[in-house]
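Chemist: when you get a sec, could you give me coordinates for this:
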Amino acid sequence: MEMHVEAKWSEVLFSYITAGWYDWAVSKNLFYASTNCWSITSGYSSHYTLSASLVALYRGDAMSTEDILELVQDHVRFRGFLKNENDRTLRETYIKDMSGKMRITEQELAKKLIQLGEMLDLGEKAHMYHSQQVMVVSHQTMVKRKRTDSSIQALVEKRNQQLIDTAAKINSFIIDMTLNVILSLDESIKHYHLKNFKEEIEDFYNLLILENVPQIPGRLSYTITKIIRQIESEWNEAKCPNYEQFKQCLTSFHQEWAIYKKMQEETDSLETTILEMEL
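Modeler: Numbering: from 1, shown residues only. Next comes the predicted model:
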């Protein structure tokens, strides 16, 4: 096993999955609080991040981990990739390399990618309506009008609920494909990823506490319980004797992520700007 390569694959995949869960949970809690506008933004983010995790599942020669990160961090390019509007050769290779590992046909996977791309387009439009129109309209009119089925508030709530329900469908597909791929791996590799997935789930729950997110969607809770049961039925401690070394590789790659370096640079730049703006 190429320890560093497998650690990078594991870190990116499970980071995207659990980040998508976090956004979904935040969206649902904001919905409960009737904070629909920002719930819609979180809902779109959950769709995007979960869809990105499907590409992070890739195991083949056409894309490195860095190539995958470059693709999914470009929203326009990524949605185009899903809908077969750009990167067509890469998309075709992805489908050929991954359909068997996911235990679905190439036609089924191609169709799913298009569906995900279309759902992301609709989610992005809902997000844009929120940021450009709905917030202003809602503040000016929603408190003045009696709520009816045709009211702006009812429409926003309906759109929000659609995003939350769609997140559940996307997540169900992503998790099924993820488990199919992991369980098809060689015994010398599989158990490392299973253990890391369980630890990432524990980190996810710790994040919810840290971020004061009071609850998660019921369907997400069901899915996580299903994953943990699957892991516990498959995982064998004796088959990952070098897990500490694997963890060190995870930590090493996490520190290498360009996004964190860029965030630090931008934070330093913003701090300088803020100081320069002081009167």
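
Chemist: quick check: closest non-adjacent residue to residue 52.
Modeler: residue 72 (3.9 Å; C-beta to C-beta, 6 or more residues apart in numbering). In short, each C-beta sits where N, CA and C put it, glycine included.

Chemist: oh, I was asking about residue 187
Modeler: Excluding the flanking residues, the one nearest residue 187 by C-beta to C-beta, 6+ apart is residue 239, at 5.9 Å.

Chemist: which residues touch that neighbour?
Modeler: Contacts for residue 239 were tallied using C-beta atoms under 8 Å, 6 or more residues apart in numbering; they are 187, 188, 190, 191.

Chemist: contacts for stretch 92-111?
Modeler: With contacts defined as C-beta under 8 Å, 6+ apart, stretch 92-111 is touched by 55, 57-60, 62-63, 84, 112-113, 177, 180-181, 184.

Chemist: at 10 Å what do you get?
Modeler: 54-55, 57-63, 68, 71, 81, 84, 87, 91, 112-113, 173, 176-185 (C-beta atoms under 10 Å, 6 or more residues apart in numbering).

Chemist: before we move on, the earlier item: tell me the pLDDT of the residue nearest to residue 187.
Modeler: pLDDT for residue 239: 93.

Chemist: in this structure, what helix or strand scores lowest on average pLDDT?
Modeler: helix 135-137 (a mean of 50; mean pLDDT, DSSP states H and E).

Chemist: which secondary structure elements does the helix or strand that that one is followed by contact?
Modeler: Per DSSP states H and E, the first helix or strand lying C-terminal to helix 135-137 is helix 152-183. With contacts taken as 3 or more C-beta pairs under 10 Å, 6 or more residues apart in numbering; DSSP states H and E, helix 152-183 sits against helix 3-32, helix 36-56, helix 88-102, helix 106-129, helix 135-137, helix 187-210, helix 218-234.

Chemist: switch to 6 Å and redo it
Modeler: helix 3-32, helix 36-56, helix 88-102, helix 218-234 (3 or more C-beta pairs under 6 Å, 6 or more residues apart in numbering; DSSP states H and E).

Chemist: tell me the angle that helix makes with helix 36-56.
Modeler: Following axes from the mean of the first three to the mean of the last three C-alpha atoms, to 10 degrees, one obtains 20 degrees for the angle between helix 152-183 and helix 36-56.

Chemist: what's the average pLDDT for helix 152-183?
Modeler: For helix 152-183, mean pLDDT is 90.

Chemist: buried subset of the contacts of residue 239, written for PyMOL?
Modeler: Paste this into PyMOL to select the buried members of the contacts of residue 239, with burial taken from 16 or more other C-beta atoms under 10 Å:
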select buried, resi 190+191
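
Chemist: could I get the contacts of residue 239 as CSV with pLDDT and distance to residue 152?
Modeler: CSV is the format used below for these (pLDDT from 0 to 100; distance: C-beta to C-beta, whole Å):
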residue, pLDDT, distance to residue 152
187, 91, 56
188, 90, 57
190, 94, 51
191, 95, 52
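
Chemist: for the contacts of residue 239, which one is nearest residue 2?
Modeler: Nearest to residue 2 among the contacts of residue 239: residue 188, at 10.9 Å, using C-beta to C-beta.

Chemist: mind listing what the closest one touches?
Modeler: Contacts for residue 188 (C-beta atoms under 6 Å, 6 or more residues apart in numbering) come out as residue 1.

Chemist: any idea how far residue 177 is from it?
Modeler: Separation of residue 188 from residue 177 (C-beta to C-beta, to the nearest Å): 22 Å.

Chemist: residue 156: how many residues sit nearby?
Modeler: Residue 156: 23 surrounding residues under other C-beta atoms under 10 Å.

Chemist: how far away is it from residue 37?
Modeler: Separation of residue 156 from residue 37 (C-beta to C-beta): 7 Å.

Chemist: and what of residue 100?
Modeler: 43 Å.

Chemist: any low-confidence regions in the chain?
Modeler: 130-151, 253-259, 278-279 (pLDDT under 70).

Chemist: swap the cut-off to 90 and go again
Modeler: 1-5, 8, 31-41, 60-69, 73, 121-163, 247-279 (pLDDT under 90).
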